[in-house]
Each structure stands twice: as C-alpha cells, then as structure tokens.
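J.: predicted model follows, preceded by the sequence.
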Amino acid sequence: MDLRQIRHFIAVAEELHFGRAAERLSMTQPPLSMSIRNLEESLGVTLFNRTRKSVALTQAGAIWLVHARRLFADAEALPSIARRAATGEIGTLRLAFVSIASFTLLPDLVCRYREAFPDIRVELREATSDVQFDAVAQGEVDAGIIVQPTGDFRPSLAHRTLSVERLIAAVPDRCALAGATRADSVDFAALADAPLVFFPRHFAPAYYDRVSEFYTRFGRSLRIRQEAVQMQTILGLVAAGLGISLVPQSMTEMQRKSVRYLAIEGTPPQIEVSMIWREDAVQPALGAFLDLLKDDAE
C-alpha cells in the first residue's frame, strides 16, 4: 500500500464509477482497477461491491474512507510543514530558567514569542544556574536563562545579557530596623551584622561572589544562617525571621507578608541575567527566539 493507491481509492469512493475516477486521475481505467484490486489484496479487505452497472462502498470501505481522507490531507500538508519547521514557525523550544526570571523577563518573553509563533510548543523548566550549564551543554534543553556567567564560563556555550538588576535588602517585618523606620532605603552598615539567608555558592557563583565582595566593603564576611535554593524559599525564611537576604529588585513583584524590601544606599551590587545556548545546536525554533532577543537589543 502506498499513497498513490490511497489517492486512487478516494477518487473511486467519491465518484463510485471507475471510468469517471480514471478521468479525474488522468489515467486509463484498467490500471486504476488493478490498483484498487491490489490495495484490497494487501489489506485483506473488500472495499467496493462491484456489479456490471454499479460500484458501492462496503461498510469497511466507508469507514476506511474517513481515515484515508485524513491521511491524504496530512500527506499533502507535509511539504508546508517541512518549510515551516525549517523557518522556525513550528516545532518545540525547550527553555530552562532561574526562579528570579519568572518574575520579570520570562513571562514577557514567552508571551511575545507565542504571539509571533503560535504553533511552536514552549517547554519550560525551572532550574538553578549550575544545573542549566550541564543541561544546555548536553542538549537536554535548547537554552537557559541564568544568573550571569562567571570567569570559568564554558567556551562551548554562547551567552547574551538580558538584564542587569540592582540588589536590594529583604528584611523581616519583625527586624528592629524595619520596625523603626518607614523609609524605603537603608545604609547597609545597619544590616551588615544581621544573619543572612542565602544559597550555596555553586548554584550561582557570580551572584554569591558579588554579595560577598559587597560585605567585604564593610569589613564583614557572609554570616549565612540558613541556605536555600529557590528565591521563594529564601523569602519565606526571611518572613519567618531567620535573617535578611539580598535579592534582585524585581523580587518586589513578589509581595510576601512579613517581608519588607529596602533599597540599599550608595552603590549596591548588581547581577546580570543572561541567556545561554550551544552555538552549534541552534535549531529553527531557538533561532526564532534569538531573533526576538536581537530585536529587543536593537
């Protein structure tokens, strides 16, 4: 059975006349009759009841016609699908992201991408920066949104800066400083000795090092009281009064009961959020996403 035979079957089923079907197919009747006979033999099913005066679909033939039409329509669409897949109009984009991106960059990027390419499926996976490096390098995801790469950034991966954010202080409402003032900013010297809720360095080395360097300016080292991986968890622990944390300014979008956000006076540390991908593995759906980012930069 091949596509040509299915096309022959549909023509005869719609015309219910071998002569008219042959004319429609621009062929003679004998080879058409032989094609249908071979099809029935290959299926082991009679598709037509034939007499000298009439041709009619059997019950099996009528049911098979529905599926044959669907298959033939899908086959006719294949060239268009191939062209659209090659230009990134259809396909799948597997995108990993750090939790802080979900409050700023990610929703807007995905929304605009889906508007431009509605037939591309976007698979999202939340992961820490260190996990994303391996996932992108090994082809488990197409790209990742991470906290800025460090000096030992893998040369096999390309990266592009998406945003630069100041860090602000997240403090519990029960903190003496938070209760004593309604100001929106704070001299960090007043917080430098407070216990810190933060993440282990290997999850985002550049972020960790920026904060550590900032503490050094005040003659302090990090006093981490509790470690956590996800930013939502860190803020929950701050709300519980375990300590303070330094978080990206965009986290103010996540209003949490019992947490206050304070801008840091002077020159607070900044972090860079970047996108990483393998330059040698840019499939069309990813290429379309990179074009979107390039348009933003311009």
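T.: The structure has been received and is ready for your questions. Numbering: from 1, shown residues only.

J.: in the one helix or strand Val238 maps to, what's buried?
T.: Using DSSP states H and E, Val238 sits in helix 231-239. By 16 or more other CB atoms under 10 Å, the buried positions in helix 231-239 come out as 231-232, 234-239. Backbone N, C-alpha and C define where each C-beta goes, glycine included.

J.: biggest strand in this structure by residues?
T.: strand 157-172 (DSSP state E).

J.: how about the CA coordinates for it, as PDB?
T.: Extracted as PDB, the C-alpha positions of strand 157-172 are listed here (Å, rounded to 0.1, in the frame of the first residue of the first chain):
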ATOM      1  CA  LEU A 157      28.300  27.900  25.100                       C
ATOM      2  CA  ALA A 158      27.200  31.300  23.800                       C
ATOM      3  CA  HIS A 159      25.600  33.900  26.000                       C
ATOM      4  CA  ARG A 160      23.700  37.100  25.800                       C
ATOM      5  CA  THR A 161      22.900  39.600  28.600                       C
ATOM      6  CA  LEU A 162      19.200  40.100  29.100                       C
ATOM      7  CA  SER A 163      19.100  42.500  32.000                       C
ATOM      8  CA  VAL A 164      21.100  44.000  34.800                       C
ATOM      9  CA  GLU A 165      19.500  44.400  38.200                       C
ATOM     10  CA  ARG A 166      20.400  46.100  41.500                       C
ATOM     11  CA  LEU A 167      20.200  44.000  44.600                       C
ATOM     12  CA  ILE A 168      18.000  45.200  47.500                       C
ATOM     13  CA  ALA A 169      17.600  44.100  51.100                       C
ATOM     14  CA  ALA A 170      14.700  41.800  52.000                       C
ATOM     15  CA  VAL A 171      14.200  42.000  55.700                       C
ATOM     16  CA  PRO A 172      11.600  40.600  58.100                       C
END
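
J.: other SSEs contacting that strand?
T.: Applying 3 or more CB pairs under 8 Å, 6 or more residues apart in numbering; DSSP states H and E, we find strand 157-172 packed against helix 129-137, helix 176-180, helix 205-217, helix 231-239, strand 245-248, strand 259-264, strand 270-278, helix 284-297.

J.: strands along the stretch 1-150 of the chain, start to end?
T.: 48-50, 55-57, 91-97, 120-126, 143-147 (DSSP state E, counting those that start in this stretch).

J.: out of those, deepest packed?
T.: Mean neighbours per residue, mean count of other CB atoms under 10 Å, is largest over the strands of the stretch 1-150 of the chain for strand 143-147, with a mean of 27.

J.: run the chain-centre distance for it.
T.: Relative to the centre of its chain, strand 143-147 is centred 11 Å away, using CA atoms, centre = their mean, to the nearest Å.

J.: not counting it itself, show me its contacts.
T.: For strand 143-147, contacts defined as CB atoms under 8 Å, 6 or more residues apart in numbering pick out 93-98, 100-101, 105-106, 127, 129, 132-133, 135-136, 162, 204, 206-207, 271-277, 286, 289.

J.: now, of these, which are buried?
T.: Looks like those have 93-98, 100-101, 105-106, 127, 129, 132-133, 135-136, 162, 204, 206-207, 271-277, 286, 289 buried, using 16+ other CB under 10 Å.

J.: for the stretch 151-298 of the chain, which spans come out with low pLDDT?
T.: 151-155, 174-183, 296-298 (pLDDT under 70).

J.: try the stretch 1-150 of the chain
T.: Applying pLDDT under 70 to the stretch 1-150 of the chain flags the ranges 88, 149-150.

J.: need the helices for it, in chain order.
T.: Counting by DSSP state H, counting those that start in this stretch, residue ranges of the helices within the stretch 1-150 of the chain are 3-15, 18-24, 29-43, 59-86, 105-116, 129-137.

J.: adding distance to Ala170, write these out as TSV.
T.: Output for the helices of the stretch 1-150 of the chain, formatted as TSV (distance: least, CB to CB, whole Å):
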stretch	distance to Ala170
helix 3-15	63
helix 18-24	73
helix 29-43	69
helix 59-86	45
helix 105-116	20
helix 129-137	20
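
J.: for Ile168, which of those helices is the nearest?
T.: Closest approach to Ile168 among the helices of the stretch 1-150 of the chain is made by helix 105-116 (17.4 Å; CB to CB).

J.: can you tell me which helices and strands that closest one packs against?
T.: Packing partners of helix 105-116 (3+ CB pairs under 8 Å, 6+ apart): strand 91-97, strand 120-126, helix 284-297.
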